[in-house]
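Participant: sequence first, predicted coordinates after that:
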Amino acid sequence: MLDIKFVRSNPDAVRENLRKKFQEEKLPLVDEILSLDAQCREARTRSEYLRSQRNAISKQIGGLMAKGQKEEAEAKKAEVVAMADEMTSLGEQVDKLDAAIRERMLVIPNIIDPSVPIGRDDSENVELERFGEPVVPPFEVPYHVDIMEKLAGIDLDSARRTSGNGFYYLCGDVARLHSSILSYARDFMIDRGFTYYIPPFMIRSSVVTGVMSFAEMENMMYKIEGEDLYLIGTSEHSMIGKFIDTILDEAQLPQTLTSYSPCFRKEVGAHGIEERGVYRIHQFEKQEMVVVCRPEESADWFVKLYRNTVDFFRSLDIPVRTLECCSGDLADLKVKSVDVEAWSPRQKKYFEVGSCSNLGDAQARRLGIRVRGDKGNYFPHTLNNTVVAPPRMLIAFLENNLRADGRVAIPAPLRPYMGGKEFLG
């Protein structure tokens with residue numbers, strides 16, 4: 001959410017940002033916000049004037065009573081009562097106007113970084129860099145479910161009976177591999193100085209509206225019926241929500257956190273749920289990284305975060321590339337975002353396995369997260385990035401480590417978590 005002072009002083013910049021994000025339908029909201037803001041400030045100014053007048057008149061009443069001028073005193077009392085009634089009415093008006101302004105401000109997108117490429121959708125995202133040599137082996141690479149089934153590692157039919165499409169049973173060595181990757185990711189991030197967390201897996205609506213846009217919320221979140229609770233779509237939601245309505249000392253920054261959680265997503269939209277596969281599903285697990293930092297440090301942290309993911313995948317012999325999201329592909333709260341994509345030997349192309357986002361002070365402003373600095377309080381910047389999200393990551397792992405004889409090689413960093421095994425199958 002933008003600062004109302006910024007919108008008031010820079011309406012043309014807000015409008016231009018909407019055009020860059022191809023959200024021209026929201027342009028009328030800027031004028032609505034400015035009009036409501038003017039009414040709100042006028043009502044506040046009138047209320048402050050009345051308060052000062054009431055205080056002055058209240059002091060006069062005592063003097064009039066002392067002089068025996070009861071009629072004049074009663075007239076002044078009536079003025080005070082009238083002022084109090086008007087102030088009450090103005091207070092109610094201000095509350096309504098504030099709510100109307102906030103409602104509109106919540107759907108105005110964050111100001112994107114000047115470096116973000118302009119484009120309508122993900123087809124116009126821009127490749128930044130490649131890491132590792134993408135290899136197509138001289139043998140056929142089966143579909144990932146077929147690889148898992150040959151390893152007796154997945155049961156989709158039973159999951160459909162218990163839960164429907166978009167769910168799975170992992171078993172045997174594949175299930176162990178899944179857990180091993182998460183354990184390795186946890187230790188990988190701890191070794192890089194991040195504090196490990198296991199957060200709540202449900203959050204209140206006040207946190208949901210603080211960490212994501214309404215469009216994301218509608219397409220992602222599962223609501224717990226009868227309670228003010230939602231299942232998290234990623235542990236970032238809980239981890240940023242951890243700081244709601246708090247004031248941090250500047251000495252406590254940066255906060256560098258890494259968290260494990262299951263994730264639950266509706267996956268409403270054009271892509272839909274896969275009937276046979278684990279790429280787009282309702283339930284998965286993830287290791288996340290979250291940073292809360294000074295505004296002037298967020299650009300550096302942004303690069304550090306997505307490079308952590310690159311280093312993690314390269315340590316497991318998986319080629320990756322980084323892709324900068326264009327303006328039209330950015331969620332409304334994001335200032336800048338880079339996707340990490342892994343190489344698929346079967347498809348002979350890269351596919352998304354993680355996303356790194358700098359949200360500026362948008363989440364902090366929505367959630368009331370402030371920092372106590374030498375020059376006063378300010379809103380910190382928040383960033384998040386995926387370390388790894390199996391079972392999607394298993395697709396890249398199995399395809400890139402598959403051998404001609406059908407076995408799957410276990411890279412050295414994972415072997416301690418796999419009981420020393422060097423191969424599956």
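Facilitator: Arrived safely, thanks for sending.

Participant: quick one, helices of this protein?
Facilitator: 4-9, 11-20, 27-66, 70-105, 144-150, 156-162, 172-191, 205-211, 214-220, 235-241, 298-314, 362-367, 392-401 (DSSP state H).

Participant: so Leu177 sits against Leu394, correct?
Facilitator: Yes - assessed by C-beta atoms under 8 Å, Leu177 is found in contact with Leu394 at 6.9 Å. C-beta: built from backbone N, CA, C; applies to glycine.

Participant: who touches the lowest-mean-pLDDT helix or strand in the chain?
Facilitator: Across the helices and strands of the chain, mean confidence by mean pLDDT, DSSP states H and E is lowest for helix 214-220: a mean of 74. Identification of contacts with helix 214-220 by C-beta atoms under 8 Å, 6 or more residues apart in numbering yields 106-107, 208-209, 212, 233, 265-269, 331-332.

Participant: let's go with 10 Å and repeat that
Facilitator: Around helix 214-220, the neighbours that count as contacts under C-beta atoms under 10 Å, 6 or more residues apart in numbering are 106-107, 205, 208-209, 211-213, 223, 230-234, 237, 263-269, 331-333.

Participant: same question, stretch 51-66
Facilitator: In contact with stretch 51-66 (C-beta under 10 Å, 6+ apart) are residues 69-77, 79-84, 86-87, 90.

Participant: let's see 6 Å
Facilitator: 72-73, 76, 79-80, 83 (C-beta atoms under 6 Å, 6 or more residues apart in numbering).

Participant: same thing with stretch 331-345?
Facilitator: Contacts for stretch 331-345 (C-beta under 6 Å, 6+ apart): 109-110, 113, 116, 134, 136-137, 141, 213, 216, 306, 309, 318-325, 330, 350-360, 362, 396, 399.

Participant: count of residues packed around the nearest residue to Leu106 once chain neighbours are set aside?
Facilitator: Closest residue to Leu106 apart from its sequence neighbours, by C-beta to C-beta, 6 or more residues apart in numbering: Met1 at 5.9 Å. Number of residues near Met1 (other C-beta atoms under 10 Å) recorded here: 22.

Participant: separation between Met1 and Val388?
Facilitator: Met1 sits 30 Å away from Val388, going by C-beta to C-beta, to the nearest Å.

Participant: repeat that for Ser213.
Facilitator: Separation of Ser213 from Val388 (C-beta to C-beta): 25 Å.

Participant: go on, Gly63?
Facilitator: Taking C-beta to C-beta, one finds Gly63 at 75 Å from Val388.

Participant: same question, Gly233
Facilitator: Taken as C-beta to C-beta, the span from Gly233 to Val388 is 16 Å.

Participant: higher neighbour count, these two?
Facilitator: Val388 (27 against 24).

Participant: any regions of this protein where pLDDT drops low?
Facilitator: The model of the chain has pLDDT under 70 over residues 214-215, 268-274.

Participant: list the contacts of the residue of it most remote from its centre.
Facilitator: Going by C-alpha atoms, centre = their mean, the residue of the chain most distant from its centre is Gly68, 66.8 Å out. Going by C-beta under 6 Å, 6+ apart, Gly68 touches no other residue.

Participant: where do the strands sit along the stretch 301-425 of the chain?
Facilitator: Using DSSP state E, counting those that start in this stretch, the strands found in the stretch 301-425 of the chain span residues 320-324, 336-344, 349-358, 370-373, 376-378, 381-388, 408-409, 423-424.

Participant: save these as JSON lines, and put in distance to Lys20 too.
Facilitator: Listed next are those as JSON lines, based on distance: least, C-beta to C-beta, whole Å:
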{"stretch": "strand 320-324", "distance to Lys20": "14"}
{"stretch": "strand 336-344", "distance to Lys20": "13"}
{"stretch": "strand 349-358", "distance to Lys20": "17"}
{"stretch": "strand 370-373", "distance to Lys20": "29"}
{"stretch": "strand 376-378", "distance to Lys20": "26"}
{"stretch": "strand 381-388", "distance to Lys20": "21"}
{"stretch": "strand 408-409", "distance to Lys20": "44"}
{"stretch": "strand 423-424", "distance to Lys20": "47"}
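
Participant: returning to that earlier point: surely the residue nearest to Leu106 meets Arg104?
Facilitator: No - counting by C-beta atoms under 6 Å, Met1 does not reach Arg104; the two are 10.2 Å apart.

Participant: count the neighbours of Val338 for me.
Facilitator: 25.

Participant: contacts only, for Met393.
Facilitator: Contacts of Met393 by C-beta under 6 Å, 6+ apart are Val353.

Participant: before we move on, the earlier item: how about the helices of the chain in CSV, adding distance to Pro380?
Facilitator: Formatted as CSV, the helices of the chain follow (distance: least, C-beta to C-beta, whole Å):
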stretch, distance to Pro380
helix 4-9, 17
helix 11-20, 22
helix 27-66, 25
helix 70-105, 19
helix 144-150, 40
helix 156-162, 41
helix 172-191, 20
helix 205-211, 14
helix 214-220, 21
helix 235-241, 11
helix 298-314, 9
helix 362-367, 5
helix 392-401, 30
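
Participant: please identify the most buried of those.
Facilitator: helix 235-241 (a mean of 26; mean count of other C-beta atoms under 10 Å).

Participant: now the residue nearest to Pro138 when sequence neighbours are not counted, what are its backbone angles?
Facilitator: Sequence neighbours aside, Ala404 is the residue nearest to Pro138 in space, at 7.6 Å (criterion: C-beta to C-beta, 6+ apart). Dihedral pair for Ala404: phi -60, psi -30, per degrees, to the nearest 10.
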